[in-house]
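S.K.: Pasting a predicted model and its sequence here:
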Amino acid sequence: MKNIPISALIGLFFTALYFLAAIFAPLISPYGMAEIVGDVWEPASAQFLLGTDNIGRDLLSRMIYGGRTTIFIATAATIISFTLGSVLGFFAAVAGGWVDQVLSRFVDLVMSIPTLIFALVVLSVMPVTVPVLIFVMGLLDSTRVYRLARAVAVDIEVMDYVEAARLRGEKTAWIIFREILPNALSPLVAEMGLRFIFMVLFVSTLSFLGLGIQPPEADWGGIVKENKDGIVYGIPAALAPAFAIATLAISVNLVADWVLNRTTSLKGGRG
């Protein structure tokens, strides 16, 4: 622990706190997610630590359950994004030729459309469920991961140890997963933190616009939407999820920066 910088320890603490709260939400939440327990927008008190929301539900309970939904969707979408994007990026770099051109031009086409607009169009004609949200978010964000993975793999692909693997007759899958992937982890790990935060912001934005998590289910963007009118009257209910999103973003980035400094796998290659 003494070798971990203070910034990374702070990031680890808050990241772990949010993830543990998400995992054990039903155990630590004072009330049910949609249970009306008080008057509208009651102030913080011993009974309601963060007050109540726009229809009298405990805001702390909504925040805990909303964090579980937001973190789960963001994590699942990030996994899909990195699995699909990195594998296709590595494959394009190793295969080269027309395969690389077709994949890269298709990715360029998808990226030419703003991600939020693309998602709004897709979700407006599809049922808005959690699996659909995860799939759409992961698919759209995989284009960014593809570009990074391909750029890194192109540099690694010309290394001597990759050429040696080809001369040994190794298959494409071996080259991708045993030669390129271990030496591409450093930039991918750093990018994973950024993409996870983007997913948190993405699902929160969709919920705020009405095409994300649907009531009475909770997520942080939806809680902001539900309580935004209270800001006019000086009621801070909408600021709690905004604060949670900001602190989670900062914490994950602090952890990603620390991991990046410890996994400089591109220094000299695998050898």
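M.R.: It's in. Residues are numbered from 1 along each chain as shown.

S.K.: Surely M137 and I73 touch.
M.R.: Yes: assessed by Cβ atoms under 8 Å, M137 is found in contact with I73 at 7.3 Å. In this view, the C-beta of every residue, glycine as well, is placed from N, C-alpha and C.

S.K.: which regions of the stretch 151-271 of the chain lie under the pLDDT threshold?
M.R.: Within the stretch 151-271 of the chain, the stretches with pLDDT under 70 are 263-271.

S.K.: Going by neighbour count, list what's buried in the helix or strand containing T78.
M.R.: Using DSSP states H and E, T78 maps to helix 59-95. Residues of helix 59-95 classed as buried by neighbour count (16 or more other Cβ atoms under 10 Å): 59-78, 80-82, 84-94.

S.K.: What of stretch 13-31?
M.R.: For stretch 13-31, by 16+ other Cβ under 10 Å, it's F14, T15, Y18, F19, A21, A22, A25, S29, Y31.

S.K.: Secondary structure element for the fourth one, which one?
M.R.: Read it as F19. Going by DSSP H and E, F19 is in helix 6-23.

S.K.: Now do that helix: which elements does it pack against?
M.R.: Under the contact definition 3 or more Cβ pairs under 8 Å, 6 or more residues apart in numbering; DSSP states H and E, helix 6-23 sits against helix 59-95, helix 239-262.

S.K.: go again using 10 Å as the cut-off
M.R.: When contacts are defined as 3 or more Cβ pairs under 10 Å, 6 or more residues apart in numbering; DSSP states H and E, helix 6-23 sits against helix 25-28, helix 59-95, helix 181-208, helix 239-262.

S.K.: Save these as TSV, and put in distance to I231 too.
M.R.: As requested, the helices and strands packed on helix 6-23 are exported to TSV (distance: least, Cβ to Cβ, whole Å):
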stretch	distance to I231
helix 25-28	26
helix 59-95	14
helix 181-208	13
helix 239-262	8
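
S.K.: out of the ones you listed, which comes closest to E226?
M.R.: Nearest to E226 among those is helix 59-95; the distance by Cβ to Cβ comes to 8.4 Å.

S.K.: just how off-centre is that closest one within its chain?
M.R.: Relative to the chain's own centre, helix 59-95 is displaced by 5 Å; criterion: Cα atoms, centre = their mean, to the nearest Å.

S.K.: Just the buried residues of the helix or strand following it, please?
M.R.: Using DSSP H and E, the helix or strand that follows helix 59-95 in sequence is helix 97-111. Buried residues in helix 97-111, counting neighbours by 16+ other Cβ under 10 Å, are found at D100, L103, S104, V107.
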